[in-house]
Structures are given as C-alpha cells and as structure tokens.
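Asker: I would like to see how this sequence folds:
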Amino acid sequence: MAKHRQPTVVPMDGAQRALADGLSAAHAPDAYGLTLLDLTEAEKFRAARAAQTGVPLTLFDLVLRATALTLGRDERGRTLLQGYDFHRYETIDIGVSIASRSEVAPVILFRDAAQISLEEFHHQRVEKTRVALEEQADKRAQLLRQTRFLPDKIRRALIHKVMNRAQTRHDMVGTIQVSAVELDNLEWFLPAHMATSFLLCLGGIRERPLVHEGRVEARLSVYASLMIDQRVIHPVQGMRVVQRWRHAMLKPEKLG
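Answerer: Model prediction:
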C-alpha cells in the first residue's frame, strides 16, 4: 500500500493575505437575476455608430452607457450601506473589473458616468485599462510593503473596518460594479463578493438559437446577471431596474 503523503503547505505572502481579508470583508449578494439578451440590434447600432464616428466602439461600451442611464436613475444605484446608515451619492460612479493575471481583478472607475458619451466611454475605458494593467504590479508590491509585518489578527480587523466604510468602497469601486472579465468560454458567471448595491456581470457573447418573429434563428446574444444588496434594494425593484437596462440595450438608438 502506498504511503499517504502530506500536502505541501505554501504560506500566503502579505499581499495575498490582505487581498483574501478584503474579499472576506465584502458582502455576498442577497439576490440574483439572470436574463438572456439579444444583441442583434445593439451590434447593428454599434457598427453603424463606429462607421459614422470613426471610434471603434465595442458592445461593452454600449453596456456601460446603458448602465449609466438606467441603473443610475434609481437612487439606490447611488447608495452604499454603512452600518445602519444609507450613504447616497449625487452621481452614478461605475467600477469595472477587468481581466488580469493578479489575484483580484483590477477595477477602473467612471465617475459621473451618466454624463459620459458612448465615444468617451470607449476612450476612457481603453486608457484606464492600459494604466491599470501597467500599475498592478507596483500596487501589489505597495500592498505587500504595507501589510507584511502586521500580525494576521490585526490586519484582518483593520481591513474589515476599512472595507465597511462606505467612502472607502466608493473610492475603490464606485456605486455600481460591472464585470468586464473575459468569459468567452462560459455562458454566465456569478461573483460571490460585492462592495456596492448593484453588480452586473456578462457571460460570453456569441450566436445562440433564439426565437425571432416566430422562427428560430442564430442571433448574437449574452447572458447578463444582476446581483443586489437586499439591504438597500428589494429584489422586485432590482428586477425592474434590469428590465429598464434590458430595454435600453434592445433599443440602442437612445444610447447615442
């Protein structure tokens, strides 16, 4: 009989411990909604708009614009909870998680997103993503320097206290989160942590068999999931917000 081997134990470094503590301090979504969205008209609008303006817009730029115009209309999309107090901000600020090789996806911020045009969303997203990816190694090294000598118990309590402050979360991820992590090989994805009242996540964009005008056709589509903090917004109200966002994507002319 082969002798049972004990696993190799590899301790986390200080940065990994701090990131793990941050995720542990984040709130788990209370309710989920999932919808299959037909992107055919959105893609037609995107292509025409890109040809007209010369800006290589993507469907995700349309997603950001629709999010700013619909989720931001509801004051709960501008609300963060701290203890027993609601912190309501004047503007809709969108935090977007982007794909990277780090333990936690970097977040780029769009402040006062309702005032950003489609083309400006594209330009800002490209530039902010470039900067975030270039800076992630330096930020991780800085986090390691700041936390490497802190005892686990003190670091964990400190991060939990800081992460529960509404202003800290607002500065880090805004008032609404959107995931832009590449999921081409997945139908849909549900993150387990959130720092805001709304978290919108998209699955892979591809052609799927959909019923259109009584016929089954291959149409460009995506699964979109919305997660909410039920302490801030009731699930029924949250689903109404999803309906407004969905309508904006199905009638993309209003996003211009």
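Asker: bridging residues for the residue lying closest to residue 205 once chain neighbours are set aside?
Answerer: Once flanking residues are discounted, residue 205 sits nearest to residue 222: 4.7 Å by CB to CB, 6 or more residues apart in numbering. All C-beta atoms are positioned from the backbone trio N, CA, C, and that covers glycine. Bridge pairing for residue 222 (DSSP bridges) gives the partners residue 37.
Asker: again, but for residue 227
Answerer: Beta-bridge partners recorded for residue 227 (DSSP bridges): residue 32, residue 199.
Asker: and it, what does it touch?
Answerer: By CB atoms under 8 Å, 6 or more residues apart in numbering, residue 227 lies in contact with 29, 31, 32, 33, 190, 191, 194, 198, 199, 200, 201.
Asker: Tell me how far the residue positioned nearest the centre of the chain lies from residue 13.
Answerer: For the chain, residue 178 is the residue whose C-alpha lies nearest the centre (CA atoms, centre = their mean; 2.2 Å). Separation of residue 178 from residue 13 (CB to CB, to the nearest Å): 30 Å.
Asker: what do you get for residue 194?
Answerer: Taking CB to CB as the measure, residue 194 falls 26 Å from residue 13.
Asker: who has more neighbours, these two?
Answerer: residue 194 (20 against 13; other CB atoms under 10 Å).
Asker: Contact partners for the residue nearest to residue 113 when sequence neighbours are not counted?
Answerer: Of all residues not flanking residue 113 in the chain, residue 68 sits nearest, at 3.8 Å (CB to CB, 6+ apart). Each residue near residue 68 by CB under 8 Å, 6+ apart is listed here: 92, 94, 110, 113, 114, 116.
Asker: and which of the residues you listed is nearest to residue 233?
Answerer: residue 92 (14.2 Å; CB to CB).
Asker: thinking again about what came up before, I'd assumed the residue nearest to residue 113 was in a helix, is it?
Answerer: Yes. Assigned with DSSP: H, G, I helix; E, B strand; the rest coil, residue 68 falls within a helix.
Asker: just use 30 as the starting number from now, easier for me
Answerer: All right, first residue 30 from here; so that's residue 97.
Asker: Got the confidence number for it?
Answerer: On pLDDT, residue 97 comes in at 93.
Asker: any idea how far residue 245 is from it?
Answerer: Counting by CB to CB, the gap from residue 97 to residue 245 is 34 Å.
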